[in-house]
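*Asks:* From the sequence below, what's the structure:
(one chain, ligands or ions: 1)
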Amino acid sequence: MSKNIIIAIDGPAGSGKSTAAKNLAQKLGFTYLDTGAMYRTITYLALRADVVDNCEEVIKIAQSVKLKLQTDNGKTRVFADGEELTEEIRTPEVNSKVSEVSVIPEVRVEMVKIQKALGESSNIVAEGRDVTTVVYPNADIKIFLTASIDERANRRFKEYQAKNENITIEEVKANLEKRDKIDSGREVSPLRKADDAFEFDNTGLTPLDDLDYLLEKIKEVLSSK
Ligand code: DC
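*Replies:* Okay, the predicted model is just below:
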């Protein structure tokens with residue numbers, strides 16, 4: 001039986017991982033897996049229950065909730081115990097707490113379990129912070145996507161503007177810098193470039209440029225296997 005193909009993409013917030021992974025998945029007919037959406041959902045549920053600073057309670061949520069992710073028309077829809085939380089998980093409040101929730105080892109164990117199972121059942125393009133290092137150490141292709149902090153802040157700011165969120169570019173940049181620091185500095189599964197990943201800095205490039213480059217690179221890697 002042939003093994004599923006796993007394309008894993010890690011990188012800091014705003015580096016364009018979601019767009020690149022989604023576009024690749026669509027082009028290749030693979031399942032798209034947004035692992036950040038899972039950590040965001042746990043964070044949102046903890047915020048709503050007013051327990052986000054209580055580690056034990058956050059762990060209980062992660063261990064008991066039934067998460068479902070599905071991609072419709074290029075958009076990841078998230079459900080927790082059947083309740084759709086697609087929009088709720090992308091607010092500044094969730095952004096400002098999600099890195100703290102994702103440092104909790106027991107939360108990571110639960111999320112990684114689900115992610116590994118998905119990788120065993122279909123060809124996937126997965127993106128996150130530890131998919132090239134911890135979740136899929138044997139991924140067929142590993143990509144470390146990055147861009148300058150100003151470019152990343154600008155991208156996120158535009159997304160907020162489109163949603164009429166009341167936030168300044170300075171606040172967006174400060175939040176990204178704080179998240180970068182926590183995501184890369186944490187003890188458990190920190191964001192880092194895997195030794196066998198190739199790094200791609202897409203500062204100044206468009207999502208279509210990313211797609212062209214990555215498809216070419218993937219073809220090259222798969223044909224040399
Ligand atoms: O990719 P994103 O911005 O939606 O991710 C939100 C947060 O979730 C990110 O700041 C760190 C955390 N995360 C993680 O710890 N591990 C992952 N595989 C994906 C996301």
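
*Asks:* what's the burial count for residue 147?
*Replies:* A count of neighbours around residue 147, defined by other C-beta atoms under 10 Å, yields 22. Quick note: C-beta positions are derived from backbone N, CA and C, even for glycine.

*Asks:* If you could redo that for residue 211, that was the one I meant.
*Replies:* Each residue near residue 211 was counted by other C-beta under 10 Å, and the total is 17.

*Asks:* what helices or strands is the host helix or strand of residue 176 leaning on?
*Replies:* Using DSSP states H and E, residue 176 sits in helix 169-185. Helices and strands touching helix 169-185, by 3 or more C-beta pairs under 8 Å, 6 or more residues apart in numbering; DSSP states H and E, are helix 92-101, helix 149-162.

*Asks:* Reformat these as a markdown table; add mean neighbour count.
*Replies:* Formatted as a markdown table, these follow (neighbours: other C-beta atoms under 10 Å):
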| stretch | mean neighbour count |
| --- | --- |
| helix 92-101 | 19 |
| helix 149-162 | 16 |
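
*Asks:* what secondary structure does residue 144 sit in?
*Replies:* Three-state assignment for residue 144 (DSSP: H, G, I helix; E, B strand; the rest coil): strand.

*Asks:* How about the contacts made by it?
*Replies:* Counting by C-beta atoms under 8 Å, 6 or more residues apart in numbering, residue 144 touches 9-11, 132, 193-194, 197-200.

*Asks:* Check whether the host helix or strand of residue 109 comes near the ligand.
*Replies:* Assigned by DSSP H and E, residue 109 belongs to helix 105-121. No: against the ligand, helix 105-121 shows no contacts by C-beta under 6 Å from any ligand atom, the least distance being 7.1 Å.

*Asks:* tell me which residues in that helix are buried?
*Replies:* Within helix 105-121, the residues that qualify as buried are 107-108, 110-112, 114-115, 118-119, counting by 16 or more other C-beta atoms under 10 Å.

*Asks:* still on that earlier bit, now, among the contacts of residue 144, which is nearest to the ligand?
*Replies:* Lowest distance from the ligand to these (C-beta to the nearest ligand atom) belongs to residue 10, with 7.4 Å.

*Asks:* Could you check how many residues crowd around the closest residue to the closest one other than its chain neighbours?
*Replies:* Nearest-residue entry for residue 10: residue 132, 4.7 Å, with adjacent residues in sequence omitted and distances by C-beta to C-beta, 6 or more residues apart in numbering. Using other C-beta under 10 Å, residue 132 has 29 other residues around it.
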